[in-house]
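**Q** No sequence on hand, only this structure:
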């Protein structure tokens with residue numbers, strides 16, 4: 001069974017869009033510490049915030065065609 005995107009893994013934080021906007025600095029720091037910050041609206045993931053290192057890893061994987 002596929003894990004729910006709303007149940008955070010050990011390196012993730014799930015937060016509402018309102019909470020993310022009100023406390024951007026806090027969640028920026030979580031991302032810089034290596035956490036993937038998933039942003040939700042009405043119970044669905046609408047975006048994510050991640051560190052430059054995780055972004056580079058994502059882009060590298062995508063370029064490799066995986």
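**A** Right, received. Where do you want to start? No experiment lies behind these values; they were computed from the predicted model shown.
**Q** The chain: helices as residue ranges?
**A** Listed from the start of the chain, the chain has helices (DSSP state H) covering 17-22, 24-32, 52-63.
**Q** What distance do you get for residue 49 to residue 25?
**A** The gap separating residue 49 from residue 25 is 12 Å, by Cβ to Cβ, to the nearest Å. C-beta coordinates here come from the backbone N, C-alpha and C atoms, glycine included.
**Q** ugh, typo on my part, it should be residue 16
**A** Counting by Cβ to Cβ, the gap from residue 16 to residue 25 is 16 Å.
**Q** Quick check on these two: which one has the bigger neighbour count.
**A** In terms of neighbours (other Cβ atoms under 10 Å), residue 16 is the more surrounded of residue 16 and residue 25; the figures are 14 against 8.
**Q** Dump the helices of the chain to JSON lines, plus mean pLDDT and distance to residue 39.
**A** Listed next are the helices of the chain as JSON lines, based on pLDDT from 0 to 100; distance: least, Cβ to Cβ, whole Å:
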{"stretch": "helix 17-22", "mean pLDDT": "97", "distance to residue 39": "5"}
{"stretch": "helix 24-32", "mean pLDDT": "96", "distance to residue 39": "8"}
{"stretch": "helix 52-63", "mean pLDDT": "92", "distance to residue 39": "15"}
